[in-house]
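Asker: Any chance you could fold what I've pasted below:
(one chain, ligands or ions: 1)
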Amino acid sequence: MASRTSELVGRVDPAQSFDVDALLRFAIASVDGFPQTPSQFIVSQFGHGQSNPTFLIEVHSGSLKKRYVMRKKPPGKLLESAHAVEREFQVLHALGTHTLVPVPKVYCLCTDSKVIGTPFYIMEYLEGRIYLDPMLPDVPPTQRNAIYHATAKALAALHSADVEAIGLRSYGKPKDYCKRQVERWAKQYIVSTGEGKSNRNPRMLDLVNWLRKNIPIEDSSGTAAGLVHGDFRIDNLVFHPTEDRVIGILDWELSTVGNQMCDVAYSCLHYIVDISSDEVKKNEGLEFSRIPEGVPSLAEYLAEYCASVGKPWPVAQWKFYLAFSLFRGASIYAGVHCRWILGNASGGERARHAGKKADAIIETAWAFIHRESVLPLHPPQQSVRQENMQHGNGSGDSLNLSGGRFVPNKKVQELRNKLIKFMEDHIYPMENEFYKLAQSDMRWSVHPHEEKLKELARKQGLWNLFIPFDSAARVKKVISDKAIDKLLGAGLSNLEYGYLCEIMGRSLWAPQVFNCGAPDTGNMEVLMRYGDDEQIREWLVPLLDGTIRSGFAMTEPQVASSDATNIECSITRHEDSYIINGRKWWTSGAMDPRCKILIVMGKTDFKAPKHKQQSMILVDINTPGVNIKRPLTVFGFDDAPHGHAEILFKNVRVPSKNILLGEGRGFEIAQGRLGPGRLHHCMRLIGAAERGMQMMIQRAISRRVFDKLIAEHGSFLSDVAKCRIELESTRLLVLEAADQLDLLGNKKARGTIAMAKVAAPNMALKVLDMAMQVHGAAGLSGDTILAHLWATSRTLRLADGPDEVHLGTIAKLELRRAKL
Ligand SMILES: Cc1cc2nc3c(=O)[nH]c(=O)nc-3n(C[C@H](O)[C@H](O)[C@H](O)COP(=O)(O)OP(=O)(O)OC[C@H]3O[C@@H](n4cnc5c(N)ncnc54)[C@H](O)[C@@H]3O)c2cc1C
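Answerer: The predicted structure follows:
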């Protein structure tokens, strides 16, 4: 059963008493609206909690009665950096002012120990319910479920706070949190134990060593970092007096910026160990006794949290985080016991048993570590479904799996989950690093980590996913060696790939890591469809292998290249060679040091019928006469190390076998290339827009303008809703185009493909523009990815052929239909 907050107070512990008159004088002077001439001033103490003593203040003035809460450091000599009420005040102030995270409002902070003996602060008193026992005895099952649901949501809300935006950037160090915490709590344990203090347990020292060796990689990269509460338990939450929602998260003493998974694991501790009684025994958590009806299992609770905050399922790292939480708990209890021995524990007599608790927790940690499996491989099914639906509301994965025509199958869904995790674990954390190199003097070189990530992606089966199964079959006919199978993707249709390509589009750096970047995918497609055996072996295989990259050189500065019949580059047969002369520009990828092959479009016969003059030919980029003149920029971005090159071809001689399909077949190939390869841009644009939406929402719920969060302004609400509508409609159009491509082929699908090509960049531009607007000046800077995403999206109103050309195609088909 819940306790009312007002029921949790009792008389002030004499060991914790202070000068009440001094507190009253300070409150009168410092708290806005505090009664100036109170008739009564009553102080009582909250009995719950062991750390910073907390007091209820009741002030009467005539018929007016007001309540406040005062929280202070304990008296006496304290452990270094513990009990920092100043930090509690700082974080509560930031969250209360800039976010919707439920916290009590803070009124004033007193750092002068002369006033009442220690620093303290005064905050709002929250009238509500506190559940002291996580078993929730005497609570109906449906309500238990709602309470756990609200708990997971509250944790997700606090973990979603943007620490930079709310002024907590320097509140802690995001990287190596666990590494530091292990050392910190190990040190505190040593300080709290030994002669004349709590007993020192050698198993705890072994535990420290185990933890040191098992810290997850995400800890050093800071991927899992954000605001951390440090003591997130159900009994530190105040629930609304009648509704099952959290109105206040309390006890921020251990809060910082760090690895949030520690908070998550800590909030699950009661499933593993029962610390509510003074006699703690190992293996007595909810998981071992019996989970009360309505209370979700640990996996269900965890899945709910992951879905709400958009985090991957932490199966690989869970053992560490849980063991770490137990270790930290043991160290804290040893500290409490030590303070009891020294006579300054705020929890009174209950602290007497804390030493034994510490030992039992250490044993529980070892039992947990020795378990074979600590979590199911995947989140429980119901939660996966919820996860995807949740994501649809802004955290990134907008597939509604509740039904409908475009529902990815299990195979695609699994690949998609893997991709999302890969992006979170490896791509987003590296984006800044990649940018740094791309803006340095070494810009035209490849970051060594990119090649490592490619290897990892390949190992995880996330390689060449773009290859349609029919193209893969053609390559298999040419190369019978089994090893080629590993390079031919996952046998997906274009529609299936659409769900995956979108995820890659969320980062400009991602596609090449999965060997799915432009223009390589389009060029590989050309080779798969039109290359002969030798061309496939010589150029396609290394491209599939990701050891080389490629460019596509069609556009020329001196002619309108949206109409490829205009191009003037000549490809002239001379004995068993072709000689190429011409100037190309916007050859994307040609600046990349790995770029080895160009597909060049030129004319082999200037007198042939208009669409038979053009041919495509393979040109080794190192052939004499290939002269890279300069990299071009898009709104100042040169997209290093990939780049867009202007290239002069002067008497470039290549063997005649390099011609693709034959002379005069260039237009035919161009039409084929314009199919799937170009639809990939649309799919990626959906991902870019989804990232924009996610950033827009984050900003709107953490930035205050004119006394309100941006998210509370009506104009924002209407704009964000319109963005979502456009995004979802465009996604459906792109998926429809991919589906038609699979079912009807390139030619019949061309109208819908053209629609997607116009709709996708224009939609992405709108959404990203809105995201930039919500970010204010920061949105236009290089400090967020938005400006670069916008610039790239803008190019796609041209680079894939100008909008006008696609609109022309759509209109022509429309009119043709009318004539039928
Ligand atoms: C970032 C980027 C990357 C690129 N990468 C490559 C690459 O790898 N390889 C490559 O060969 N090219 C590449 N391009 C070039 C791109 O394909 C061309 O810019 C595009 O085809 C248009 O050609 P153009 O620039 O010559 O414009 P033009 O053909 O001169 O057209 C100019 C404008 O005329 C109007 N127009 C054109 N046709 C019509 C019409 N039918 N009806 C009405 N108005 C019309 C449109 O407003 C159009 O924007 C890239 C471009 C960019 C910006």
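
Asker: low pLDDT regions in the stretch 151-300 of the chain?
Answerer: For the stretch 151-300 of the chain, the stretches with pLDDT under 70 are 278, 280-283.

Asker: Spell out which residues of this protein are next to the ligand.
Answerer: 519, 552-555, 560-562, 586-588, 634, 644, 795, 798-799, 801-802, 804-805, 808 (C-beta under 6 Å from any ligand atom). All C-beta spots, glycine's among them, are computed from the backbone N, C-alpha and C.

Asker: do that again at 8 Å, thanks
Answerer: Taking C-beta under 8 Å from any ligand atom as the criterion, the chain approaches the ligand at residues 518-519, 551-557, 559-563, 566, 584-589, 601, 632, 634, 639, 644, 792, 795, 797-805, 807-808.

Asker: For ChimeraX, write the selection for the buried entries among the residues you listed.
Answerer: Here is the ChimeraX command that selects the buried residues among those (16 or more other C-beta atoms under 10 Å):
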select :518,519,551,552,553,554,555,556,561,584,585,586,587,588,589,601,632,634,639,644,792,795,797,798,799,800,801,803
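
Asker: Just the ones of the residues of the chain next to the ligand in helices?
Answerer: Among the residues of the chain next to the ligand, the residues falling in helices (DSSP state H) are 792, 795, 803-805, 807-808.

Asker: Would you reformat those residues as CSV and include pLDDT and distance to I659?
Answerer: As requested, those are exported to CSV (pLDDT from 0 to 100; distance: C-beta to C-beta, whole Å):
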residue, pLDDT, distance to I659
T792, 97, 33
T795, 97, 30
D803, 97, 33
E804, 97, 32
V805, 95, 27
L807, 97, 34
G808, 96, 30
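
Asker: Going by distance to K418, which of those wins?
Answerer: Nearest to K418 among these: T792, at 24.9 Å, using C-beta to C-beta.

Asker: and the closest residue to that closest one other than its chain neighbours, what does it touch?
Answerer: Computed as C-beta to C-beta, 6 or more residues apart in numbering, the closest residue to T792 that is not its neighbour in sequence is L508, at 6.2 Å. Listed by C-beta atoms under 8 Å, 6 or more residues apart in numbering, the contact set of L508 reads 785, 788-789, 792.

Asker: Out of these, flag the one nearest to the ligand.
Answerer: Closest approach to the ligand among the contacts of L508 (C-beta to the nearest ligand atom): T792, at 7.6 Å.

Asker: Verify the stated contact: that closest one with V634.
Answerer: Yes: in this structure, T792 is within contact of V634 by C-beta atoms under 8 Å, at 7.4 Å.

Asker: Could you list the buried residues of whichever strand or helix holds Q694?
Answerer: Here Q694, judged by DSSP states H and E, is contained in helix 676-700. Using 16+ other C-beta under 10 Å as the test for burial, helix 676-700 gives 676-700.

Asker: Where does the stretch 51-200 of the chain get nearest to the ligand, residue-wise?
Answerer: E164 (30.6 Å).

Asker: right, and the secondary structure at that residue would be what?
Answerer: Under the three-state scheme (DSSP: H, G, I helix; E, B strand; the rest coil), E164 adopts coil.

Asker: Just checking, which helix or strand of this structure averages the lowest pLDDT?
Answerer: For the chain, counting by mean pLDDT, DSSP states H and E, helix 381-390 ranks last in confidence among helices and strands (a mean of 42).

Asker: hmm, who's touching the helix or strand that that helix is followed by?
Answerer: Sequence order places helix 410-422 as the next helix or strand after helix 381-390, per DSSP H and E. Helix 410-422 has contacts (C-beta under 8 Å, 6+ apart) with 312-313, 396-397, 399, 401, 408, 456-457, 460-462, 465, 490, 492, 496, 499-500, 503-504, 514.

Asker: now stretch 42-54
Answerer: Taking C-beta under 8 Å, 6+ apart as the rule, stretch 42-54 contacts 8-13, 16, 20, 23, 55-60, 69-74, 83, 85, 88, 130, 132, 235, 251, 253, 336, 345-348, 350-351, 354.

Asker: Return the subset of those lying in helices.
Answerer: Per DSSP H, the contacts of stretch 42-54 map to helices at 20, 23, 85, 88, 336, 354.

Asker: Most neighbours among the residues you listed, please name it.
Answerer: Greatest neighbour count in the ones in helices among the contacts of stretch 42-54, by other C-beta atoms under 10 Å, goes to A354: 27 neighbours.

Asker: How far off centre is stretch 801-820?
Answerer: 40 Å (C-alpha atoms, centre = their mean, to the nearest Å).

Asker: ok, E253 to the ligand distance?
Answerer: E253 sits 52 Å away from the ligand, going by C-beta to the nearest ligand atom, to the nearest Å.

Asker: Name the nearest residue to Y321, sequence neighbours excluded.
Answerer: Sequence neighbours aside, A265 is the residue nearest to Y321 in space, at 3.7 Å (criterion: C-beta to C-beta, 6+ apart).

Asker: rewinding a little: keep only those of the contacts of helix 410-422 that are in strands.
Answerer: Of these, none are assigned to strands by DSSP state E.

Asker: Inside helices: which ones of these?
Answerer: 456-457, 496, 499-500, 503-504.

Asker: Columns pLDDT on top of these, output as a markdown table?
Answerer: Formatted as a markdown table, those follow (pLDDT from 0 to 100):
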| residue | pLDDT |
| --- | --- |
| L456 | 96 |
| A457 | 97 |
| E496 | 92 |
| Y499 | 95 |
| L500 | 96 |
| I503 | 96 |
| M504 | 97 |
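
Asker: Thanks again, I'm all set now.
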